[in-house]
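Q: What follows is a predicted structure for the sequence shown.
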Amino acid sequence: MFQTDLRNLDPIKKAYPEKFTSARDVMAGLRPGGRIFIGSGCGEPQHLTRALLDRARELAEGISFRPFHLIGLGMTPRTEPRYPEHFSLDTFFICADTRDDVNRAAVDYTPVHLSSVVDLIYRGMFPIDVALIQTSYPDWRGFVNLGISVDIVKAAVETADVVVAQLNAFMPRTHGDGFVHTSEIDYFVSHDEALLEYQEKVPDDIASKIGGYVSSIIAHGDTLEVGYGSVPDAVLQHLAGKKDLGIHTDLFSDGIAALMEAGAVTNMKKTINRGKTIAALCMGSARTYQYVHENPLVEFKPTDYTNNPLIIARHRNMTAINSALTVDLTGQATAESIGTTFYSGLGGHADFMRGAVLAPGGKTILAMQSTAENGEVSRIVPFLNEGEGVTMNRGDIHYVVTEHGIAYLHGKNIRERAMELIAVAHPDFRSELVETARGKKLIYVDQAFVPGVEGQYPEHLEQFRITKTGLELLFRPVKITDEPLLKEFFYSLSDITIYKRFFSKRTDMPHEALQKYSVIDYTEEMVVVAVLIDGAKETAVAMGQYKITKETHTADAAIVVRDDYQGKGIGTELSKYLVYLARRAGLVAFTADVLHENEAMLHIFEKSGFDIERTSEYGVFRVRLKFKGDG
């Protein structure tokens, strides 16, 4: 409970004695059929809502009230089936307490972006007879505060015929646009009670993996939006090591409060509202409500500001982090329905995804578990099902992140998108996705695939290394999605480099040939690349490979470096990396065929510390490279 100076009520009671009443008396005066607005989320005025339900018990059968709200988490009418005939509820967002009733047509759902709701209210599209809201007690200037729910509540207050405020000492006073003068309120009902709290958990191991991947995408100084749901909020726990993050979001959560307290969020790099976290509503724990109380670093504003794509787009390096129920292999996602079943709502997903796409340096991230229903259902599917709304279109999604990795979709064709998404789907569903994608011509009809653990990408083998010339490169095994990367690499090689590596003068590298390098059984062979990373773009500058001969515990190895990166120490580092991988696999030596004129490759082997044995025949050295310390 926050400190309340009840002396501030005395002048208001003297000036407006008729405004102070009981919840019962207010409800007794409600007009049957009236449209009643109920405050949002955790700011729902529970005492007033209970009184509304009590009034329903006294009324004759038939629809008596028409309440509507943005999002409800408490005792919203229709959540108690004992009174279905007394309410015709309309909601802008579907939660657990309304989901069943929406899908049996007992509650109406209005799909609309949060950025548009305020304007619809001001234009009279949702006329309000009575607004039931919850506020702090007034200050000495006569202002109450909407606290944790400004969103569309401010517009409801300014347009409703009658405004009823539950004064609650548990409601924090927040900075921003939530101040309302007592002269604008028709009735006050004093009732102190703890605010609703909202906490949704995702399994720790899954959240940790997803959070780690998302953290690698987010840069110091980015401005973030974090959407509704357990996974996006869990991601925040992994950003404590970031610096000078900014926040411009609709939902302020426990995770954002924790980041601010940890010093990761300073808002000092924001393009607008510098130094301030901007949000529309807060749903979290009592501790978070205490944090936002009288905190000048946090401002709450209506959703026509927080969710306006044009405002969002003004933030340099804006990063929108949201979740989805399902994403299909073409890159479109639904966050609102499962088949023909309405599950959630449009909310602010599309607002922030569109705004972030338009922002300078902006990026969008869908963070989601790869499965649902205890692993029985894949959330990555060939196509969205009949009835599922496209909440986020193919052009607005940059990254899809699951516990199995990062899929980068922006600027990629359908085939590349499908392969990226299959690679981050749960392994149990990848074979089925490949088979369906082949049949639907989303990928090559002859696309190879190695099922099971043999074909699962060994992410743990990735290493960053710095060459003698100071180049920082990522050394990693190839992925099934690397065919475009390898094609670009092969076509960057000169004819002489191709001849020295492949002993041929072939100038083409079609899909059939590329598959031999990008789709492999990691237990039988290894193909690795050294890549330069520039944001989301990877450029391969070298490639190495070996194929295992199990009888002798050796492998035939080869290395090739792009012409314009030769002589920079890359080949030596790549050779050492291959040895590292080979030792892990229990190998004792490499063998290689090297043309006599390929002195550079012989020099690399010599510098890599091998015990070298070689024989010569027909202009080719047959080289055995024994690892030091092995017999």
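A: Received the coordinates, thanks.
Q: Residues contacting the lengthiest strand in the chain, please?
A: In the chain, ranked by residue count with DSSP state E as the criterion, the top strand is strand 537-549. Here strand 537-549 makes contact (Cβ atoms under 8 Å, 6 or more residues apart in numbering) with 473-474, 485-486, 488-489, 517, 524-532, 554-562, 565, 570-571, 574-575, 577-578, 581-582, 585, 587, 590. Every residue, glycine included, has its C-beta placed from N, CA and C.
Q: Please pick the buried ones from those residues.
A: By neighbour count, with 16 or more other Cβ atoms under 10 Å, the contacts of strand 537-549 hold 473, 485-486, 489, 517, 525-531, 554-555, 557-562, 565, 570-571, 574-575, 577-578, 581-582, 587, 590 as buried.
Q: Take the residues you listed and keep only those in strands.
A: 473, 525-531, 554-555, 557-561, 590.
Q: Relative to residue 440, which of the residues you listed is nearest.
A: Proximity of those to residue 440 was ranked by Cβ to Cβ; the top entry is residue 527 with 28.2 Å.
Q: isn't that closest one right up against residue 478?
A: Yes. In terms of Cβ atoms under 8 Å, residue 527 counts as a neighbour of residue 478; the distance is 4.5 Å.
Q: Quickly list what's touching both of the two.
A: With contacts taken as Cβ under 8 Å, 6+ apart, the residues that reach both residue 527 and residue 478 are 517, 518, 520.
Q: ok, the first one touching residue 489?
A: No. No contact is recorded between residue 517 and residue 489 when judged using Cβ under 8 Å, the distance being 9.5 Å.
Q: Give me the below-cutoff pLDDT ranges for the protein.
A: 1, 3-6, 60-88, 200, 202-203, 503-506, 608-609, 629-631 (pLDDT under 70).
Q: Spit out the contact partners of residue 485.
A: Applying Cβ under 8 Å, 6+ apart to residue 485 gives the contacts 529, 531, 538, 539, 540.
Q: I meant to write residue 22 there.
A: Under the criterion of Cβ under 8 Å, 6+ apart, the contact partners of residue 22 comprise residue 189.
Q: Over to residue 464?
A: The contact partners of residue 464, taken as Cβ under 8 Å, 6+ apart, are 472, 473, 474, 475.
Q: Can I take it that it is in a helix?
A: No. For residue 464, which was evaluated using DSSP: H, G, I helix; E, B strand; the rest coil, the result is strand, with no helix membership.
Q: Residue numbering should commence at 230 henceforth.
A: Yep, numbering from 230; the last one is residue 693 now.
Q: Distance of it relative to residue 442?
A: With distances taken as Cβ to Cβ, to the nearest Å, residue 693 is found 16 Å from residue 442.
Q: cool, and residue 500?
A: Remark: distance between residue 500 and residue 442 (Cβ to Cβ) = 26 Å.
Q: cool, and residue 755?
A: Per Cβ to Cβ, residue 755 is found 23 Å from residue 442.
Q: tell me how far the ends of stretch 400-419 are from each other?
A: Stretch 400-419 stretches 12 Å from its first residue to its last (Cα to Cα, to the nearest Å).
Q: quick one on the thing from earlier: now for the contacts of residue 714: which two are most distant?
A: The most widely separated members of the contacts of residue 714, counting by Cβ to Cβ, are 758 and 768 (9.7 Å).
Q: quick one: the helices in the stretch 380-529 of the chain?
A: 382-388, 433-446, 459-464, 483-491, 515-521 (DSSP state H, counting those that start in this stretch).
Q: Which among those is found nearest to residue 535?
A: When the helices of the stretch 380-529 of the chain are compared by Cβ to Cβ, helix 382-388 sits nearest residue 535, at 11.7 Å.
Q: For burial, what's the neighbour tally of the residue nearest to residue 419 when sequence neighbours are not counted?
A: Taking Cβ to Cβ, 6 or more residues apart in numbering as the measure, residue 419 lies nearest to residue 396, with 4.7 Å between them; neighbours along the chain are not counted. The burial count assigned to residue 396 is 23, neighbours taken as other Cβ atoms under 10 Å.
Q: repeat for residue 728
A: Neighbour number of residue 728 under other Cβ under 10 Å is 16.
Q: quick one, the helix or strand it falls within and strand 783-790 angle?
A: Assigned by DSSP states H and E, residue 728 belongs to helix 724-731. Calculated by axes from the mean of the first three to the mean of the last three Cα atoms, to 10 degrees, helix 724-731 forms an angle of 170 degrees with strand 783-790.
Q: Buried residues, helix 724-731. List them.
A: For helix 724-731, burial by neighbour count (16+ other Cβ under 10 Å) applies to 726, 727, 728, 729, 730.
Q: hey, C-alpha coordinates of it in CSV?
A: What follows is helix 724-731 as a C-alpha-only set of coordinates in CSV (Å, rounded to 0.1, in the frame of the first residue of the first chain):
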residue,chain,number,x,y,z
ASP,A,724,40.0,-20.5,-61.4
ILE,A,725,43.5,-21.3,-60.2
THR,A,726,42.2,-21.6,-56.6
ILE,A,727,39.4,-23.9,-57.7
TYR,A,728,41.9,-26.0,-59.7
LYS,A,729,44.3,-26.3,-56.7
ARG,A,730,41.5,-27.3,-54.4
PHE,A,731,39.3,-29.5,-56.5
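Q: Just name whatever secondary elements that helix is in contact with.
A: In terms of contacts (3 or more Cβ pairs under 8 Å, 6 or more residues apart in numbering; DSSP states H and E), helix 724-731 is packed against strand 783-790.
Q: one more time with 10 Å, if that's ok
A: With contacts defined as 3 or more Cβ pairs under 10 Å, 6 or more residues apart in numbering; DSSP states H and E, the secondary structure elements packing on helix 724-731 are helix 712-721, strand 783-790, strand 818-824, helix 828-836.
Q: Quick one: residues contacting residue 375.
A: When the contact criterion is Cβ atoms under 10 Å, 6 or more residues apart in numbering, the partners of residue 375 are 268-269, 272, 362-365, 382-383, 386, 394, 400, 402-403, 405-409, 510, 529, 531.
Q: Thanks a lot, catch you later.
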